[in-house]
Every structure is written in C-alpha cells, then in structure tokens.
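A.B. asks: generate a structure from the sequence data that follows.
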Amino acid sequence: MGKSLDLTIIIEQDEDGMYVAKVTNIQGCYTQGKTIPEVLKRIKEAIQVCIESEEIEPMKFVGLQQIQVSR
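C.D. replies: The predicted model follows:
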C-alpha cells in the first residue's frame with residue numbers, strides 16, 4: 001500500500017447551492033457536488049487524479065480566518 005497523505009480541503013457553497021471542495025495543497029484540484037457526502041466522494045477521486053501527475057508537499061494546517069473587506 002502507498003504512502004498516506006493528510007490533506008486539507010475547504011468546502012464552500014456557491015450561489016446555486018452547490019458545494020465546492022478545494023484542496024489547499026494542490027493547485028487546481030477541486031470539484032463540486034449537490035451534497036456534502038457527494039462532494040467528499042468526488043474530491044477523493046479528484047485528489048487521486050491530481051497526485052498521479054504532481055508531486056505533493058503537504059503543509060501543516062494552522063487555521064482559517066474569515067475577513068471582511070469593502071468593495
């Protein structure tokens with residue numbers, strides 16, 4: 001069995017109600033789904049595709065912060 005990776009993903013909900021999952025360590029690795037379970041299944045599949053073509057350097061997760069800026 002291969003090496004295990006601990007990756008951090010961010011899940012957001014867009015204006016249409018779709019869940020969008022992004023992998024913080026892998027540029028361009030994201031997917032969407034109608035439910036949280038669906039998007040989690042799909043992001044695992046997307047990660048498999050992404051790690052086949054890219055060397056991954058996992059980073060230590062520190063935290064999230066939401067800020068507000070004026071437009």
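A.B. asks: hmm, residue 41 is touching residue 33, no?
C.D. replies: Yes: counting by Cβ atoms under 8 Å, residue 33 is a contact partner of residue 41 at 7.4 Å. (C-beta placed from N, C-alpha, C; glycine too.)
A.B. asks: so for those two, which sits in the more crowded spot?
C.D. replies: residue 33 (17 against 14; other Cβ atoms under 10 Å).
A.B. asks: residues touching the more buried one, list them.
C.D. replies: Residues in contact with residue 33 (Cβ atoms under 8 Å, 6 or more residues apart in numbering) are 18-19, 21, 39-42.
A.B. asks: so what touches stretch 35-42?
C.D. replies: 11, 19-21, 31-33.
A.B. asks: of those, keep whichever come out buried.
C.D. replies: 19, 21, 31-33 (16 or more other Cβ atoms under 10 Å).
A.B. asks: returning to what we had before: closest one of the contacts of residue 33 to residue 65?
C.D. replies: Distance to residue 65, by Cβ to Cβ, is smallest for residue 21 among these, at 19.2 Å.
A.B. asks: got the CA coordinates for stretch 51-59 in PDB?
C.D. replies: The C-alpha trace of stretch 51-59 is given here as PDB (Å, rounded to 0.1, in the frame of the first residue of the first chain):
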ATOM      1  CA  ILE A  51      -1.500  13.200  -7.200                       C
ATOM      2  CA  GLU A  52      -0.700  11.000 -10.200                       C
ATOM      3  CA  SER A  53       0.600  14.000 -12.100                       C
ATOM      4  CA  GLU A  54       2.000  16.200  -9.400                       C
ATOM      5  CA  GLU A  55       4.500  16.000  -6.500                       C
ATOM      6  CA  ILE A  56       2.700  16.900  -3.300                       C
ATOM      7  CA  GLU A  57       4.300  18.700  -0.400                       C
ATOM      8  CA  PRO A  58       1.800  18.600   2.400                       C
ATOM      9  CA  MET A  59       1.700  21.700   4.700                       C
END
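A.B. asks: all set now, cheers.
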